[in-house]
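Peer 1: Here is my input; please provide its structure:
(one chain, ligands or ions: 1)
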Amino acid sequence: MRLLVTGGAGYIGSIVAQQLLAAGHEVVVLDNLSRGHRAAVPDGAGFVEADLLDPPALAAAVAEGFDGALHFAALSLVGESVARPELYWRNNVAGTLNLLDALRAAGVGRLVFSSTAATYGEPEQVPIEETAPTRPVNPYGASKLAVDQMIGDECRAHGLGAVSLRYFNVAGASGCLGEDHQPETHLIPNVLRAALGRQECVQIFGTDYATPDGTAVRDYIHIEDLATAHLLALDGARGGEHRIFNLGNGNGFSVREVIEAARAVTGLEIPVREAPRRPGDPPILVAASGKIRAELGWEPRKPALADMVGDAWAFAQAHPHGYAGAPAA
Ligand code: UDP
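Peer 2: Presented below is the predicted three-dimensional model:
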């Protein structure tokens, strides 16, 4: 298939683009490079520098003709979304509305959307099923939920076939492609920065949660397993339907377990500092992953934390300053 990948210069989009190319698809990445890296766009993919908030540029890019689109381009920092919600409503919601308009005008009938567990908010029950109430607790989650609702309406009214994948905690790297955010807020990259001495220590946000070791529990999924799910989702899109799947392994690991895994992988001490809870962080987020396994046949190949941390460590060592100064992938 000929596929448009919005946000394909980012962590997840670039690795999905790489897998699509490896599977024989033709890929064009569309990215405004506001958060992504030109060097992350895989070799063999076309590249258009354009913004979803620029409808003429978007229409021109989409008019090239595509069999489907995978939509990653979005802002994704919870704290930033609380401080500046307008950025999230404009980029994530208005940007996706523009994309849907462009896809409809060009007759592109297939869409895979990068949604999030943040659409659920504080879960009443763990593991979280797709039928759980959606009550996001921050503008980031609210903006992604609004997009999910918009996509559902588009499918019902105009026949689009769409799949939303609600990611839990994505981790690891894939060869020369990995995670490089500015600022970095995620746990595993920060643990590895502390291991490399690029920051003094890693902070543990909250040690008084009602969890076995007092630290928050998350469902980490390897980026390569997450990417594979997008290829299955693309095949699983059905005209007029909006299918929603959680995407996690169904296993929870605490912050302390992640740090221990990183100590084992790196053989380094990794200094820690206990700190207060980070506002808005729920104690436990674990996916019920039965639906995507049963309906799309997804199976993780790297569910072990050691693989995720090990691959992230290989990327961190090869790119101690992220993509800065790196040649094109
Ligand atoms: N966390 C932490 N120290 C850090 C970054 C994150 O203790 O430097 C905790 C965070 O409070 C949460 C978990 O690690 O409980 C995962 O956070 P991350 O930002 O990686 O993902 P999130 O679950 O917020 O999407």
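
Peer 1: list the contacts for Glu124?
Peer 2: Contacts for Glu124 (Cβ atoms under 8 Å, 6 or more residues apart in numbering) come out as 132-133. Any C-beta I mention is one placed from the backbone N, CA and C, and that applies to glycine too.

Peer 1: Kindly report the same for Glu26.
Peer 2: By Cβ under 8 Å, 6+ apart, Glu26 lies in contact with 1-3, 46.

Peer 1: same thing but 6 Å
Peer 2: With Cβ atoms under 6 Å, 6 or more residues apart in numbering as the criterion, the residues that contact Glu26 are Arg2.

Peer 1: same check, this time on the one 4 residues further on
Peer 2: For Leu30, the set of contacting residues under the criterion of Cβ under 6 Å, 6+ apart consists of 6, 48, 50, 61.

Peer 1: Then Val29?
Peer 2: Contact criterion Cβ under 6 Å, 6+ apart gives 5, 8, 17, 41, 45, 47 as the residues in contact with Val29.

Peer 1: one more time with 7 Å
Peer 2: 5, 8-9, 17, 41, 45-47 (Cβ atoms under 7 Å, 6 or more residues apart in numbering).

Peer 1: for His181, same thing?
Peer 2: Applying Cβ under 7 Å, 6+ apart, no residues contact His181.

Peer 1: Over to the one 4 residues further on?
Peer 2: Neighbouring residues of Thr185 by Cβ under 7 Å, 6+ apart: 77, 79.

Peer 1: begin at 37 from here
Peer 2: Shifting the count to begin at 37 puts that one at Thr221.

Peer 1: hang on, it in a helix?
Peer 2: No: checked against DSSP: H, G, I helix; E, B strand; the rest coil, Thr221 lies outside a helix; its state is coil.

Peer 1: so how far is the ligand from it?
Peer 2: The gap separating Thr221 from the ligand is 5 Å, by Cβ to the nearest ligand atom, to the nearest Å.

Peer 1: and the residue in the chain positioned nearest to the ligand, how many residues sit next to it?
Peer 2: Taking Cβ to the nearest ligand atom as the measure, the point where the chain comes nearest the ligand is Ala252, at 3.1 Å. By other Cβ atoms under 10 Å, the residues close to Ala252 number 24.

Peer 1: residues touching it, list them.
Peer 2: Taking Cβ under 7 Å, 6+ apart, one finds 242, 245, 290-291, 317, 319 in contact with Ala252.

Peer 1: can you pull the pLDDT of it?
Peer 2: Looking at Ala252, its pLDDT is 96.

Peer 1: Show me what from the protein comes close to the ligand.
Peer 2: Remark: the part of the chain in contact with the ligand comprises 205, 221-223, 226, 238-241, 252, 254, 291, 314, 317, using Cβ under 6 Å from any ligand atom.

Peer 1: let's see 8 Å
Peer 2: Residues of the chain found near the ligand (Cβ under 8 Å from any ligand atom) are 114, 153-154, 204-205, 221-224, 226-227, 238-242, 251-254, 291, 294, 311, 313-314, 317, 321.
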